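> no letters, just coordinates:
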C-alpha cells in the first residue's frame, strides 16, 4: 500500500506567519498567513515538486513516518493517481509500450496518463493500475 501524504514541520514565526518545511523534500518549503492558508500552500508546493519529478521521470521519495510536531500534507488529488501509476510501473519495470500493449491501447495514451499537465480520467488510471495488480482506493478521514 502506498500513502500519498508527506510529513512536514509547521512553525509559527514571530510575525504570525506559518512556515512549512517538508521532512523528505528538503528543497520544498512554503508559508501562509495562518494554519489554513499554510496547509493550502503546502499542498500546492508538494504538488508542484512531485509533478516536476514525475515530468522528469525522477525518483519519487517515499514518505517517512510522521513524528511528534509534524503534520501530514496530502498529495493533491489530481496528482496522486498518476504518481501511483508511475511508481507501480517503475517497481515492476514496465515500460509505457509494455503497459499499452497489455491494455490494448496506443503508447501515447500512457504518456498522457503520466503527464501531470494532462487531465486524465480516474477510470483510465484505475484500469492501468489493475493490469499492474494494484487497486486505487480513496479514504476520507476526520481532520485532526
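Yes, it's here. All values reported here derive from a predicted model rather than from experimental measurement.
> only C-alpha atoms for contact and neighbour calcs from this point on.
OK.
> what ranges does this protein have for its helices?
35-55, 80-92, 96-103, 107-113, 122-131 (DSSP state H).
> can you add mean pLDDT and mean neighbour count and give these back as a markdown table?
Listed next are the helices of the chain as a markdown table, based on pLDDT from 0 to 100; neighbours: other C-alpha atoms under 10 Å:
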| stretch | mean pLDDT | mean neighbour count |
| --- | --- | --- |
| helix 35-55 | 95 | 18 |
| helix 80-92 | 95 | 18 |
| helix 96-103 | 97 | 15 |
| helix 107-113 | 96 | 17 |
| helix 122-131 | 95 | 16 |
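> dump these to TSV, plus distance to residue 137.
Listed next are the helices of the chain as TSV, based on distance: least, C-alpha to C-alpha, whole Å:
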stretch	distance to residue 137
helix 35-55	19
helix 80-92	10
helix 96-103	20
helix 107-113	17
helix 122-131	9
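> and of those, who's closest to residue 3?
helix 80-92 (9.2 Å; C-alpha to C-alpha).
> same for that closest one, what does it pack against?
On a contact count with 3 or more C-alpha pairs under 8 Å, 6 or more residues apart in numbering; DSSP states H and E, helix 80-92 meets helix 122-131.
> hmm, who's touching the helix it packs on?
Contacts with helix 122-131, where a contact means C-alpha atoms under 8 Å, 6 or more residues apart in numbering, come from 81, 82, 84, 85, 88, 99, 102, 103, 113, 135, 136.
> please repeat the previous calculation with a cut-off of 6 Å.
Outside helix 122-131, the residues that touch it by C-alpha atoms under 6 Å, 6 or more residues apart in numbering are residue 136.
> contacting residues around residue 19?
10, 11, 30, 31.
> measure it to residue 36 for me?
12 Å (C-alpha to C-alpha, to the nearest Å).
> got the domain ranges for this structure?
5-74, 80-131 (automatic domain parsing).
> can I get these in a markdown table with distance to residue 142?
Listed next are those as a markdown table, based on distance: least, C-alpha to C-alpha, whole Å:
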| stretch | distance to residue 142 |
| --- | --- |
| domain 5-74 | 13 |
| domain 80-131 | 20 |
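> closest to residue 62 out of the helices of the chain?
Of all the helices of the chain, helix 80-92 comes closest under C-alpha to C-alpha, at 10.2 Å.
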